[in-house]
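Enquirer: Okay, sequence plus prediction incoming.
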Amino acid sequence: MEQVLLKNNKVSERGGILDQVKKLKASGLYPYFNAVSSTQGATAVFGDKEVLMFGSNNYLGLSGDPRIQEAVKKAVDKYGTSCTGSRFLNGTIDLHLELENELKEFLNKEGVIIFPTGFQVNSGVIPAVADKNDFIFIDELDHASIIDGCRMSFARRVKFRHSDMADLEQKLANNGVSGDITKLIVTDGIFSMDGDIAQLDKITNLAKQHDAMVMVDCAHSIGVIGKNGSGTASHFNITDEVDLIGGTFSKSLASVGGFIAGSADLIEYLSHASRSYIFSASLPPSSTAAALAALRIIRNDNSLQIKLWENTNYAIQLMNEAGLDIGNAESPIIPIYIRNSFTTFKIAKLLFDNGVYVNPVVAPGVKETDALLRFSLTALHTKQQIEYAIENIAKLVNKYC
């Protein structure tokens, strides 16, 4: 028993994480795992406290939409709550195929397969595409699921400086040669913390020059940019030049799960080679129905996307006028840089007390010097709500920074 306890202590002390958690809880600034007791729209309820919600990824405000709720109820009535197996065996239902076919048309690609989570897309696709002797080039600010996908591959991972095309070009030239070697460039479409849009047009140009494949994770792009919210490749009008388009249903599409889209042959290959696809239970009927209903809404009506951008542009204008440090923000994800972890936690707590929820993001999620408040807009926010939130943020930032 003593030996087991020693091993447990050794694990729990790694990285000083537990010590940091205990300090934050002791100071009353610990912000994580607070239970929400409502839908998350322009507002949300934590316990019995209603706050303005500027910390969700519900960009189009479709989570809680009655049309989607009705589709979920019908799916559960027909299929039950689980598919009880993997897509490879008994876990495919006709709703999966409907969703894949409609995504294929939406994204203008030949093939699509869906995964139980967006994380599993990157952790399953990247190792299946890039093997030993291959090279994967990733932006230093790519999502953790991309990094983990690289770790699960035998390929060599090469990081390039964030959105630095000269650095990417040099690293493409210096690593690997043409032939049987695969060069895979993987980037976020909209970066999840800094809120800037990947220079996908320039990335695809470099890919052509260096015989490389391009994969873009449109987790935060779907519903936000591109024709009717069809993502980053559509935004730049270069869909044919991007080999793989991945994403998630857990943001604009009001569900959970993920997808990968590409050529018919590549998707057929991935459906037989991606371990996270083959060996995971398939997306539940309820989640599939929710994503399909949300997709049909945004394909036929871009009014929510237009409202989202009205709110985004208004918020960026107000933040610039208030002198807040928002970096190169150009999307509904607006980072407000505090650049100190403790101060970031403190301001987030005081904002919550004043009725405004934002996400504190600190190391290791970002560099310590990039500690920030992640402020995210939805189509449901009103101008008055945006004004109130930014006024409170500016006061606290001016006081403590």
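Expert: Received the coordinates, thanks. Numbering: from 1, shown residues only.
Enquirer: Low-confidence stretches in the stretch 151-300 of the chain?
Expert: Residue ranges of the stretch 151-300 of the chain with pLDDT under 70: 177-179.
Enquirer: Run through the residues that contact residue 108.
Expert: Contacts for residue 108 (CB atoms under 8 Å, 6 or more residues apart in numbering) come out as 230, 234, 239. (Each C-beta comes from the backbone N, C-alpha and C, glycine too.)
Enquirer: Before we move on, what's the pLDDT of it?
Expert: Confidence at residue 108, expressed as pLDDT, is 98.
Enquirer: Can you tell me how far it is from residue 118?
Expert: In this view, residue 108 and residue 118 are 20 Å apart by CB to CB, to the nearest Å.
Enquirer: give me every residue that touches the residue nearest the centre of the chain.
Expert: Geometric centre of the chain, nearest residue: residue 219, 4.0 Å, by CA atoms, centre = their mean. By CB under 8 Å, 6+ apart, the contact list for residue 219 reads 118, 143, 188-189, 192, 246-248, 250-251, 258.
Enquirer: Among the contacts of residue 108, name the ones in helices.
Expert: residue 234 (DSSP state H).
Enquirer: any idea which of the contacts of residue 108 has the most stuff around it?
Expert: Most neighbours among those, by other CB atoms under 10 Å: residue 230, with 25 neighbours.
Enquirer: Pairing partners for it in the sheet, please.
Expert: Beta-bridge partners for residue 230, by DSSP bridges, are residue 222.
Enquirer: My guess is it contacts residue 105. True?
Expert: No. Applying CB atoms under 8 Å, one finds residue 230 not in contact with residue 105, separated by 9.9 Å.
Enquirer: what about the helices in the stretch 51-200 of the chain?
Expert: For the stretch 51-200 of the chain, the helices defined by DSSP state H, counting those that start in this stretch cover 66-79, 94-107, 118-129, 144-151, 165-174, 200-209.
Enquirer: any chance of the contacts of residue 108 in CSV, plus distance to residue 184?
Expert: Converted to CSV, the contacts of residue 108 look like this (distance: CB to CB, whole Å):
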residue, distance to residue 184
230, 22
234, 21
239, 18
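Enquirer: Let me know the closest of the contacts of residue 108 to residue 370.
Expert: Among the contacts of residue 108, residue 234 lies closest to residue 370 (CB to CB), at 29.2 Å.
Enquirer: measure that closest one to residue 50 for me?
Expert: 36 Å.
Enquirer: How about residue 258?
Expert: To residue 50, residue 258 is 31 Å away according to CB to CB.
Enquirer: same check, this time on residue 31
Expert: Plainly put, residue 31 is 17 Å away from residue 50 if you go by CB to CB.
Enquirer: So for those two, which sits in the more crowded spot?
Expert: For residue 31 and residue 50, the more surrounded residue by other CB under 10 Å is residue 31, and the numbers stand at 17 against 13.
Enquirer: and that one, what helix or strand is that in?
Expert: Using DSSP states H and E, residue 31 sits within no helix or strand.
Enquirer: I figured it was touching residue 344, is that so?
Expert: No. Residue 31 lies out of contact with residue 344 (CB under 8 Å); the separation is 9.5 Å.
Enquirer: so what sits against both of those two?
Expert: What both residue 31 and residue 344 touch, as defined by CB under 8 Å, 6+ apart, is the set residue 360.
Enquirer: which residues are common contacts for residue 230 and residue 105?
Expert: By CB under 8 Å, 6+ apart, no residue touches both residue 230 and residue 105.
Enquirer: where are the low-confidence patches of the stretch 1-150 of the chain?
Expert: Residue ranges of the stretch 1-150 of the chain with pLDDT under 70: 1-13, 15.
Enquirer: Can you spell out the domain ranges of the chain, please?
Expert: Domains of the chain are assigned by automatic domain parsing as 26-55+302-400, 66-300.
Enquirer: Could you identify which of the ones you listed is most buried?
Expert: Highest mean neighbour count of those: domain 66-300, a mean of 20 (counted as mean count of other CB atoms under 10 Å).
Enquirer: Do me a favour and get the end-to-end distance for it?
Expert: 17 Å (CA to CA, to the nearest Å).
Enquirer: Equivalent analysis for stretch 224-234, please.
Expert: Note: stretch 224-234 ends 11 Å apart using CA to CA.
Enquirer: now it: how far from the chain's centre is it?
Expert: Put simply, stretch 224-234 sits 15 Å off its chain's centre (CA atoms, centre = their mean, to the nearest Å).
Enquirer: what does stretch 74-83 give?
Expert: Centroid displacement of stretch 74-83 relative to its chain, using CA atoms, centre = their mean, is 27 Å.
Enquirer: Touching it from outside, list them.
Expert: By CB under 8 Å, 6+ apart, stretch 74-83 touches 90-93, 95, 281-286, 288-289.
Enquirer: Pick the one among these closest to residue 166.
Expert: Closest to residue 166, out of all of the contacts of stretch 74-83 and judged by CB to CB, is residue 283, at 40.5 Å.
Enquirer: quick one: secondary structure of the closest one?
Expert: Secondary structure, DSSP: H, G, I helix; E, B strand; the rest coil: residue 283 is coil.
Enquirer: contacting residues for the nearest residue to it once chain neighbours are set aside?
Expert: In this structure, residue 283 finds its nearest non-sequential neighbour in residue 257, 4.5 Å apart by CB to CB, 6 or more residues apart in numbering. Contact analysis of residue 257 by CB under 8 Å, 6+ apart lists 114-118, 248-250, 283, 287-288, 291.
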